[in-house]
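Colleague: Here you go, sequence then predicted model.
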Amino acid sequence: MKKYVIKRVVTALFTLLAITLILFILMQLMPGSPFNDEKLNDTQRASLYAKYGLDQPIVVQFFRYVINMFKGDLGVSYKISKNTPITQLIASRLPISIGVGFAAVMIGALVGLCLGLLAAFKKDTVWDTLATIISVIGVSVPSYVFALALSYQFGFKLKWFPMLFSAKDVIGSSVLPSISLSMFTMASIARFTRAEMIEVLGSDYMLLAESKGLSGNKLIFAHALRNALIPIITVLAPLVVDLMTGSLVVEKIFSIPGVGSLLVNAIQSNDYNVVIALSFIYSAMYIGIMLVVDILYGVIDPRIRVAKEGD
Amino acid sequence: MSEEKKTREKILDVKNLDITFETTAGKVHAIRGVNIDLYQGETVAIVGESGSGKSVTMRAAMGILAKNAVVNSGEIIYRYRDNVGGIDYNPENDASAQWKEADILKMDKKWIRKHINGRRIAMVFQDPMTSLDPTMTIGKQIMEGMIWHYKIDKKDAYDRAVNLLKEVGIEDAEKRMKQYPHQLSGGMRQRVVIAIALSCNPDLLICDEPTTALDVNIQAKILELIKKVQKERDIAVIYITHDLGVVAKVADYVNVMYAGKIVEVGNINEIFYEPKHPYTWGLLSAMPDLGTDDDRLYTIPGSPPNLLHEKEGDAFAPRNAYALEIDDKLEPPMFQISETHWAATWLLDPRAPKVEMPKELKARIERMKKEAQANDSKL
């Protein structure tokens, strides 16, 4: 197991390095530059390039960037807020996005799980149909539609929650955005849980467990849940990253100062370092969560755990 | 167990069981008046093609029918002696133990779970590859039932589970306790399933095609194992199977089932040596046999009827070369041939033309008899 984890971490680091390289190349291929201001003349522009080291060959730039990155320095912003270190820029925004996203994941996963289990246990009844309708709506309606609807109903008309994000009332003003973001997760998890649970309930080992005379609750908690929930982790993981990295539209609607809007601004203004830094952080989170999922799998699924021990 | 033969105690009596399944396509009349008797310590086989209702009947007896099953009529009387004295209690040694009976079809699920499932009737399933929980250790799966039914402590349950594994012929029992099903071979897993079935000292073991999913040399070992534990523990066994080879090895009595009905019942010799129903003839003829001159394997023409659409008369008539005119109009009753032998075919009516079983089958039965005698004299 230890060997396996080390192997996976090393692979993850190399993947990240490769991603950074690709990001660098892509940024160079992008038309325009951060210094497109018409007021600048050629010499001024050249001196700006020289100041930030952008006149160097791309290989040199890359290695310099990577070395700085290991020192915890992600460069400075060229345009959005001039010369502010990016770490500082992100530090104020990322926690907000992660907070709202995490709340959305928790709501989505919990409600989705309950909905899916209800649908599976009450298969072919009104409850099942109801759960299916809810999850179809959740999957097919985009989050900003929910955002607008919620913000109008509960923010504008009923005034239960603030319509806009405010640093003074982080929890209260996160409720509506979290719920709108959670709908897709909730729907996906509900559908997946239902399908998995129905399969497990129809399996031979459930029949054998039933023939032992175990009670309904014991059957479900001892045998059904574990087997049905293991695959759900795989579905949940990418959704977690998706939500925690912030959603542009929902952030705009509730005017949340998160990273979603920062990234879009950065791309529009060719702010190289910000784009690379944010993309890198997204990738790192994604790879990190996948790594955690794989290790978690090993812990909860004996079939994988034992295979890894044999490694 | 004492050597002298006690009076035969009937422990299971299925009377006129009639079950339909509500499906989206309509009602499927899967069980159409089934009667089965079972006595303590004896072995009954239920033989029939897939879909003839063998498993459904047994699931009804365990109260684990699918949700869409509707029991229209019938009784499943289960007779038992209360084992109030815990896991090691043996009513044989207790003069005060009284026989009680219960109609399983009238009992609620809670009662069946508490008193029947696992504790008095246990089941061995067809496919050991899928019938064990893949994410739970073998040990836990064996201990689960004992702890649940008898509230014994974990240590005690562990020791008992280890002994059970040894009893079913698994070496390194302690090591196996900690393992998961995927670490065991098919034959081993079936042994574990048997250990689970035995864990609560049941009176009756229902084996639903216990060897179908196993390869041939393991099959024989599993059958021997079931026979051994049956003898040692004096429990009754019901085999559900389509393999007459298995039946010949294990059964005392045989019920031949076709389209949700028992069409012939008798003791093992009566079914194998003097079969009366054309369907039983067909089944026996369809057994692979090295001694025959014909090198083609006999098959019963046609396929089992779709029970979604009921037809008048005998369900087997369309596939029956010996069908009489009345077979299309009226279902044959059970005709008695001997004290234990009954068959549902109009051929046994005194007014019916005299029809003998096919010549090839007769020759084959003669060969089987000789073989059996040779085996007996060898012993």
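Modeller: That came in fine, so what should we check first? Numbers count the residues shown, from 1 in each chain, chains lettered A, B, ... in the order given.
Colleague: What parts of the stretch 101-250 of chain B come near chain A?
Modeller: The stretch 101-250 of chain B comes close to chain A at residues B:110, B:112-114, B:116-119, B:122-123, B:125-127, B:130-137, B:144-145, B:148-149, B:180, B:182-183, B:193, B:196, B:200, as judged by CB under 8 Å from any CB of the partner chain. Quick note: C-beta positions are derived from backbone N, CA and C, even for glycine.
Colleague: Check which helices and strands the helix or strand that contains residue B:161 sits against.
Modeller: Using DSSP states H and E, residue B:161 maps to helix B:154-167. Applying 3 or more CB pairs under 8 Å, 6 or more residues apart in numbering or on different chains; DSSP states H and E, one finds that helix B:154-167 makes contact with helix B:138-150, helix B:173-177, helix B:186-198.
Colleague: If we use 6 Å, what do you get?
Modeller: Counting contacts by 3 or more CB pairs under 6 Å, 6 or more residues apart in numbering or on different chains; DSSP states H and E, helix B:154-167 packs against helix B:138-150, helix B:173-177.
Colleague: What ranges in the stretch 101-250 of chain A fall below the confidence cut-off?
Modeller: Applying pLDDT under 70 to the stretch 101-250 of chain A flags the ranges A:246.
Colleague: what's the neighbour count on the residue of it found nearest chain B?
Modeller: The stretch 101-250 of chain A approaches chain B most closely through residue A:213 (3.3 Å), counting by CB to the nearest CB. Residues contacting residue A:213 under the criterion other CB atoms under 10 Å in any protein chain shown number 27.
Colleague: How about the contacts made by it?
Modeller: Listed by CB atoms under 6 Å, 6 or more residues apart in numbering or on different chains, the contact set of residue A:213 reads B:113, B:117, B:118, B:119.
Colleague: Out of those residues, who's the most crowded?
Modeller: residue B:118 (29 neighbours).
Colleague: Which pLDDT value belongs to it?
Modeller: At residue B:118, the model reports a pLDDT of 88.
Colleague: you'd agree it is up against residue B:200?
Modeller: Yes. Counting by CB atoms under 6 Å, residue B:118 does reach residue B:200; the two are 5.0 Å apart.
Colleague: pLDDT score for residue 69?
Modeller: You didn't pick a chain, so chain A it is. 83.
Colleague: was after chain B, sorry
Modeller: You'll see residue B:69 listed with a pLDDT of 91.
Colleague: contacting residues around residue A:266?
Modeller: A:274, A:275.
Colleague: and it, backbone torsions?
Modeller: Taking degrees, to the nearest 10, you get phi -60, psi -40 for the backbone angles of residue A:266.
Colleague: now the one 3 residues further on
Modeller: For residue A:269, the backbone dihedrals (degrees, to the nearest 10) come out as phi -100, psi 20.
Colleague: Could you find the closest non-adjacent residue to it?
Modeller: residue A:79 (4.5 Å; CB to CB, 6 or more residues apart in numbering or on different chains).
Colleague: For that neighbour, which three-state class applies?
Modeller: Here residue A:79 is recorded as coil under DSSP: H, G, I helix; E, B strand; the rest coil.
Colleague: I figured it was touching residue A:272, is that so?
Modeller: No. With contact defined as CB under 6 Å, residue A:79 does not count as touching residue A:272 (9.0 Å).
Colleague: Those two: which has the busier surroundings?
Modeller: The neighbour comparison of residue A:79 against residue A:272 (other CB under 10 Å) goes to residue A:272, with 24 against 20.
Colleague: how near is the residue nearest to that one when sequence neighbours are not counted to residue B:99?
Modeller: Among residues not flanking residue A:272 along the chain, residue A:27 sits closest, at 5.1 Å (CB to CB, 6+ apart). Going from residue A:27 to residue B:99 by CB to CB, to the nearest Å gives 86 Å.
Colleague: Looking at the two now, which is surrounded by more residues?
Modeller: For residue A:27 versus residue B:99, the count of surrounding residues by other CB under 10 Å is larger for residue A:27: 17 against 12.
Colleague: Please work out the residue of chain B nearest to chain A and name it.
Modeller: Chain B approaches chain A most closely through residue B:117 (3.3 Å), counting by CB to the nearest CB.
Colleague: Nearest residue to the middle of the chain?
Modeller: I went with chain A, as the question did not name one. Centroid check for chain A by CA atoms, centre = their mean gives residue A:241 as the closest residue, at 1.6 Å.
Colleague: that's the wrong chain, I meant chain B
Modeller: Most central in chain B (CA atoms, centre = their mean) works out to residue B:239, at 2.6 Å.
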